[in-house]
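Enquirer: Predicted model and sequence follow; I will ask about them next.
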Amino acid sequence: MRKSGLIFIILLSFIISFSFSTQAAFNLYIGEHLTELHTPLKRVNGNILVPLSVIADYLAVKIEMVDETRFTMEFPTKTITMQIDEVNALVNGVEQVLEVPPMVSNNEIMVPLRFIADALNFRIVFDNQQMALVLVLNKDMAEYVASKLADPDWESRPKSPTVFTSSTDLDEFERAELREIVFLDGPRSRVFIDVQGYTAYESVLLTEPDRLFIDLIGIDGDPLPVLELNDPIIQRIRSSRFNENTIRIVLDLNEATHYKIHRWPNGGLEIEFNYQIGDFQFYRDANGIAKLAFSGTAQPPFQSTSFHSPTRLSLDFQDTTLIGGYKEFSVDDSRVKQIRVSQYTPSVTRVVLDLTAPLTPVSSGKVNDQFEVIFFDGTAEDYQRYTLSQPEVDPYIAISSDAEEADMDLDDSEKPLKGRVVVIDPGHGGSDPGAIGVAGTFEKDIVLDIGLKLGELLEAAGARVAYTRIDDRYVSIFDRPVVAEIVNADIFISIHCNSYEGELAKGIETLYSPLFLENFRLAQIIQKELVVELEMQDRGLRPRPNLHVLNGTSMPSVMVELGFLSHPEEEKLLNSSQFRARAADALFNGVVRYFMQQN
Amino acid sequence: MKIKRLIAGMILVLACVLLIRVINWQEPANHLTSSQTFIVYFASEEGFSLVPEIRVGEGLIHNRLEALVEGPRTPNLVRVFPHDTRIIGYQIVDDLLYVNFNQAFVDNHPGGSLGELLTVYGLVNSVTEDPQINKVVILVEGKQIPTLAGHLDLLEPLSRDQSLIAKMQ
Ligand SMILES: [Zn+2]
């Protein structure tokens, strides 16, 4: 920890509270109308209760008392019956259970707003500026309400005063309650504090020892047990009751790291830490390709900008904390003179490359423990021209010359894929069936069969094959690329079948991450093999920057979509074992051709 | 009623001045002028791209989401949200839009990477037409989901993907 003289850094973020725990009166809009609330809104177990009279007056709903405690609300499409202090309700005669029963306050019946909104397809939103809840009506209802309220004869509820009683005594809004603290899966260190209801909070980042305090203010409930974590940034999470009003949550950190707190719409808080990066180095690999290597806790996204006079390139790594502070070093290279690395804002690390000739970042990836940005020697326009001019090799020459040799008795060392490592990723599995065909075929079953068939062919040709799954089990998209990293694969092939609401969609497409030129090459060869062998519509190559299994792998990778289960004829094909064997053959031929052209 | 609205308006202006950093919930949609139009995206018949549809109204997030739930009015376009999708709520935090869907958004999704892409980017591209919105987080019943149909990573906020939009002829 180098912190030049500073004993600790305090970062305070005060967030304006919109806690329900105060006496502040909340407004309620129904559609466009601001309602007059004679009895304020109540909140019980996270449910908002509104006076029944307001529902009657502003939604033009006819209310009828069935007996002293039971009442019906007649909406144009639905009739809802509820009973004071009873959780059972009837919606069009069908029994449903309420989270919170209707209650009496101030001699008014209070009904749960969320339940009514759900039953009638209305939305509830909260307007923080006006401190108001807004019940958003659909078009039909809005028109109905407008016409009813314009009618002078409209009478919504019994006029005679009734005295209601309830066994429950209602306070004003309940206070928020701490429920759970969860460490969230994903590429960044994130923690979710599950709070029922809205709470104010303050946070402080302290060093020596490094830790983050988060005080939840105006909160009930007990502190939670200590959570020990195996995370690059967070060691453990503790909580304790700081005072009657406040629970303090302490995150013990390996290193003080900038963070953001997001409030989730349902009341919880999410703490998201920056990626940590550092140890920047520039070099050219054996092929003369320019690379910027750095270490980090995960691959951060970056934004690049080119500048003229003087020529320079800046890379802004988003949501990162720079380890080791400002650094400036000169580079012995034909295009790069000097590199400067700084913490540009608390959450952005900026790397500036001072150039003598243009350089364009074209891809990023992970090699061993390091991350890399890979550059093209030239401008972005040069690069585009370069990728488009890549010659398509005639698909049949390479393999047929090899096939002749293959006829002879080969020993192991002559097998065409000897020494190659291929990872096969059959999509979905277990609880995730993937797409479901019109006749009920599951994508997960089809792609597993093709994947296993492909694996057999590759193994017979001398390749080492690893699978992300070999049976019907669930594997998350975050774990799949890890398999490829562990076995240090040469290529990664993800196998899927497609589906679409439009009935016309059919054919084969191959998806690849456009960041790597090699992905494009692999995709191009495999797509060509597939459409020629399977004689299906060629939907082409689809550059897809946002598929996790393709982004998480550092080797060339593709995702093949072998036809549409939503298309009845293609579903029939995919159900045929013979077709699946041909698909595996085509994929196999593509893999062999790819490796041959690489040599 | 009118006076109350006026007072509410004055409080609103005061609140804007006083609050240093406000988490902005959207305003209720109550001032629509018919001369305005906005764009939402639906999918093409064969699923090759997202196609803009022009709607009359103010380009509020509320109106865009409602249009997506309703589905396309242009013949031959395909809806991007699964059937019975409902939006429970939404919230704008800085340039980030959280959209909270009901369970049908996941349960009724037909699957497939193409369907997943067009659903997710139909939403993201439609709401990022609003210059205030840069990124979108999808919630289902209030919780973030790792993926919708097993291909896209939904734990990271989603940015606009211009490459999916059909090129104007
Ligand atoms: Zn799939």
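Expert: Ah, there it is.

Enquirer: okay, and the helix or strand of chain B with the least pLDDT?
Expert: Least confident helix or strand, chain B: helix B:2-18 with a mean of 43, by mean pLDDT, DSSP states H and E.

Enquirer: residues in contact with the next helix or strand after that helix?
Expert: Per DSSP states H and E, the first helix or strand lying C-terminal to helix B:2-18 is strand B:37-43. Here strand B:37-43 makes contact (C-beta atoms under 8 Å, 6 or more residues apart in numbering or on different chains) with A:500-502, B:49-59, B:63-64, B:67-68, B:71-72, B:74, B:77-80, B:118, B:121-122, B:125-126, B:129, B:165. Quick note: C-beta positions are derived from backbone N, CA and C, even for glycine.

Enquirer: State the mean pLDDT of strand B:37-43.
Expert: Over the span of strand B:37-43, the pLDDT mean works out to 89.

Enquirer: what separates residue A:550 from chain B, distance-wise?
Expert: 9 Å (C-beta to the nearest C-beta, to the nearest Å).

Enquirer: What sits closest to residue B:65 if chain neighbours are left out?
Expert: What sits nearest to residue B:65 in space, not counting adjacent residues and going by C-beta to C-beta, 6 or more residues apart in numbering or on different chains, is residue B:87, at 5.3 Å.

Enquirer: any idea how far the one you found lies from residue B:94?
Expert: Residue B:87 is 20 Å from residue B:94, where distance means C-beta to C-beta, to the nearest Å.

Enquirer: Comparing these two, which shows the higher neighbour count?
Expert: residue B:87 (20 against 14; other C-beta atoms under 10 Å in any protein chain shown).

Enquirer: Show me what the more buried one bridges to in the sheet.
Expert: When assigned by DSSP bridges, residue B:87 has beta-bridge partners residue B:101.

Enquirer: same check, this time on residue B:96
Expert: On the basis of DSSP bridges, residue B:96 takes part in beta bridges with residue B:93, residue B:135.

Enquirer: Please look at it and residue B:159 and confirm they touch.
Expert: No. Residue B:96 is not in contact with residue B:159 according to C-beta atoms under 8 Å; the separation is 10.6 Å.

Enquirer: shared neighbours, those two?
Expert: What both residue B:96 and residue B:159 touch, as defined by C-beta under 8 Å, 6+ apart, is the set B:134, B:135.

Enquirer: if I pick the residue in the stretch 451-599 of chain A that chain B sits nearest to, what's in contact with it?
Expert: Nearest residue of the stretch 451-599 of chain A to chain B (C-beta to the nearest C-beta) works out as residue A:499 at 3.0 Å. The contact partners of residue A:499, taken as C-beta under 8 Å, 6+ apart, are A:435, A:436, A:437, A:443, A:564, A:565, A:566, B:110, B:111, B:112, B:114, B:115.

Enquirer: can you list those residues in a markdown table and add secondary structure, pLDDT and distance to the ion?
Expert: As requested, the contacts of residue A:499 are exported to a markdown table (DSSP: H, G, I helix; E, B strand; the rest coil; pLDDT from 0 to 100; distance: C-beta to the ion, whole Å):
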| residue | secondary structure | pLDDT | distance to the ion |
| --- | --- | --- | --- |
| A:435 | coil | 94 | 6 |
| A:436 | strand | 92 | 11 |
| A:437 | coil | 91 | 12 |
| A:443 | helix | 96 | 5 |
| A:564 | strand | 96 | 11 |
| A:565 | coil | 95 | 9 |
| A:566 | coil | 94 | 12 |
| B:110 | coil | 90 | 11 |
| B:111 | coil | 92 | 6 |
| B:112 | coil | 92 | 6 |
| B:114 | helix | 94 | 9 |
| B:115 | helix | 94 | 9 |
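
Enquirer: Of those, which is the nearest to residue A:514?
Expert: Checking the contacts of residue A:499 against residue A:514 with C-beta to C-beta, the nearest one is residue B:114 at 17.3 Å.

Enquirer: Relative to residue A:323, how far out is residue A:351?
Expert: For residue A:351 relative to residue A:323 (C-beta to C-beta), the value is 14 Å.

Enquirer: Mind giving me the PyMOL command for buried ones among the contacts of strand B:37-43?
Expert: The buried subset of these, as determined by 16 or more other C-beta atoms under 10 Å in any protein chain shown, is captured in PyMOL by this line:
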select buried, (chain A and resi 500+501+502) or (chain B and resi 50+51+52+53+55+57+58+59+63+64+67+68+72+77+78+79+80+118+121+122+125+126+129+165)
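
Enquirer: Touching, residue B:46 and residue A:502? I think so.
Expert: Yes. At 6.1 Å, residue B:46 counts as touching residue A:502 under the criterion of C-beta under 8 Å.

Enquirer: Among the contacts of strand B:37-43, which ones are in strands?
Expert: Counting by DSSP state E, the part of those found in strands is B:50, B:51, B:52, B:53, B:54, B:55, B:56.

Enquirer: now these as CSV including pLDDT and distance to chain A?
Expert: Shown next, in CSV, are the ones in strands among the contacts of strand B:37-43 (pLDDT from 0 to 100; distance: C-beta to the nearest C-beta, whole Å):
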residue, pLDDT, distance to chain A
B:50, 92, 12
B:51, 89, 11
B:52, 87, 17
B:53, 86, 15
B:54, 83, 19
B:55, 84, 13
B:56, 81, 14
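
Enquirer: Where does chain A get nearest to the ion, which residue?
Expert: Residue nearest to the ion within chain A (C-beta to the ion): residue A:496, separated by 3.5 Å.

Enquirer: ok, now which ones touch the closest residue to that residue other than its chain neighbours?
Expert: Excluding its sequence neighbours, the residue lying closest to residue A:496 (C-beta to C-beta, 6+ apart) is residue A:427, at 4.1 Å. Applying C-beta under 8 Å, 6+ apart to residue A:427 gives the contacts A:434, A:443, A:444, A:447, A:494, A:495, A:496, A:497, A:559, B:150, B:151.

Enquirer: before we move on, the earlier item: so the residue of chain A closest to the ion: helix, strand or coil?
Expert: Classification of residue A:496 by DSSP: H, G, I helix; E, B strand; the rest coil places it in strand.

Enquirer: so what's it up against?
Expert: With contacts defined as C-beta under 8 Å, 6+ apart, the neighbours of residue A:496 are A:427, A:428, A:434, A:443, A:447, A:559, A:560, A:561, A:562, B:112, B:113, B:151.

Enquirer: Could you list which of those belong to strands?
Expert: Reading strands off these with DSSP E, I get A:559, A:560, A:561, A:562.

Enquirer: wait, isn't the first one in contact with residue A:511?
Expert: Spelled out, it's residue A:559. Yes. Proximity of residue A:559 to residue A:511 meets the contact threshold set by C-beta under 8 Å, at 4.3 Å.

Enquirer: which residues do these two both contact?
Expert: A:544, A:547, A:550, B:113.

Enquirer: partners of the closest residue to the first one other than its chain neighbours in the sheet?
Expert: With sequence-adjacent residues excluded and distances taken as C-beta to C-beta, 6+ apart, residue A:544 is closest to residue A:511, at 4.5 Å. In this structure, residue A:511 has beta-bridge partners residue A:542, residue A:559, where bridges are defined by DSSP bridges.

Enquirer: how deep is residue A:511 tucked in, by neighbour count?
Expert: So residue A:511, with other C-beta under 10 Å, has 25 neighbours.

Enquirer: Model confidence at it, what's the number?
Expert: Value listed for residue A:511 in the pLDDT field: 95.

Enquirer: Return the distance of it relative to residue A:547.
Expert: Residue A:511 is 6 Å from residue A:547, by C-beta to C-beta.

Enquirer: shared neighbours, those two?
Expert: Here residue A:511 and residue A:547 share the contacting residues A:559, B:113, scored by C-beta under 8 Å, 6+ apart.

Enquirer: Residue A:351 and residue A:323: who's more crowded?
Expert: A count of neighbours by other C-beta under 10 Å puts residue A:351 above the other of residue A:351 and residue A:323, at 24 against 18.

Enquirer: how about the ones in strands among the contacts of residue A:496 in CSV, adding distance to the ion?
Expert: Formatted as CSV, those follow (distance: C-beta to the ion, whole Å):
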residue, distance to the ion
A:559, 8
A:560, 10
A:561, 7
A:562, 10
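
Enquirer: This completes my enquiry, with thanks.
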